[in-house]
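[1] predicted model and sequence follow; I will ask about them next.
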Amino acid sequence: MLSLAFCLAISACDDRSAQDAFEREANQAATGISRTDATGRVIQSDPDDWRIAPFFQGFLEIQAVPYPNPSTGGRFTMELWITGVDAVQGLEIYTPHSTQPGTLLFVYEEPTVPLQTGVLTVEIEPSSLSPLRDYATARGLHRILVFDRNGNLITYGDLQVD
């Protein structure tokens with residue numbers, strides 16, 4: 001019994017260190033995009049974009065990465081496939097604030113807790129990526145961070161507004 005508890009504790013430590021490493025990678029500057037067309041077909045994949053965090057593997061998958069990417073004014077659409085029952089406690093999306101380093105700018109919220117199993121479609125307005133909430137100042141490359149409502153990072157990737 002003691003050995004089982006020890007193994008579980010070691011496994012939890014491994015999961016935490018893997019999650020911490022994932023979060024450090026997510027906090028890097030945006031570097032590229034997974035290019036998609038208007039229908040969501042991936043034209044060129046960025047291997048750093050839209051991976052699932054260790055805490056959420058087996059509970060959620062990216063059905064469709066945000067598309068179209070880059071966007072020329074239209075909304076980005078992303079589809080998440082929730083596979084775990086009661087596994088994901090809501091959804092919040094942020095981007096690093098462009099004029100206040102170290103702070104995040106709110107982009108989107110799905111308040112349902114827990115998220116229901118099935119496909120969740122998320123639409124992101126390009127203007128929400130700017131502190132001024134207008135399209136003109138949203139132009140450029142943005143790191144997108146997707147969290148649950150408990151502050152756990154789920155996935156991240158980069159979006160380009162042209």
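    Perfect, I can see it now. Residues are numbered from 1 along each chain as shown.
[2] hey, what's Leu141 bridged with?
    Going by DSSP bridges, Leu141 is paired in beta bridges with Gln160.
[3] tell me how far it lies from Gln116.
    32 Å (CB to CB, to the nearest Å). Quick note: C-beta positions are derived from backbone N, CA and C, even for glycine.
[4] and if you look at Gly58?
    Distance from Gly58 to Gln116, by CB to CB: 17 Å.
[5] hmm, back to that, pick out whichever of Leu141 and Gln116 has more residues nearby.
    Leu141 (15 against 11; other CB atoms under 10 Å).
[6] the more buried one contacts Gln160, doesn't it?
    Yes. In this structure, Leu141 is within contact of Gln160 by CB atoms under 8 Å, at 5.4 Å.
[7] joint contacts of these two?
    Ile33 (CB atoms under 8 Å, 6 or more residues apart in numbering).
[8] okay, now the sheet partners of the one helix or strand Ile93 maps to, with direction.
    In this assignment (DSSP states H and E), Ile93 forms part of strand 91-96. Partners of strand 91-96 in the sheet, by DSSP bridges, are strand 104-110 (antiparallel), strand 140-147 (antiparallel).
[9] could you find the closest non-adjacent residue to Glu61?
    Closest residue to Glu61 apart from its sequence neighbours, by CB to CB, 6 or more residues apart in numbering: Trp81 at 4.6 Å.
[10] list the strands paired with the one helix or strand that neighbour maps to, with their directions.
    Trp81 belongs to strand 76-82 when assigned by DSSP H and E. Applying DSSP bridges to the sheet, strand 76-82 is found paired with strand 60-67 (antiparallel), strand 118-124 (antiparallel).
[11] point out the most buried one among the strands paired with strand 91-96.
    Highest mean neighbour count of those: strand 140-147, a mean of 20 (counted as mean count of other CB atoms under 10 Å).
[12] can you give the contact residues for that strand?
    Strand 140-147 is contacted from outside by 26, 28-30, 33, 66, 91-96, 104, 107, 124, 129, 153-161, using CB under 8 Å, 6+ apart.
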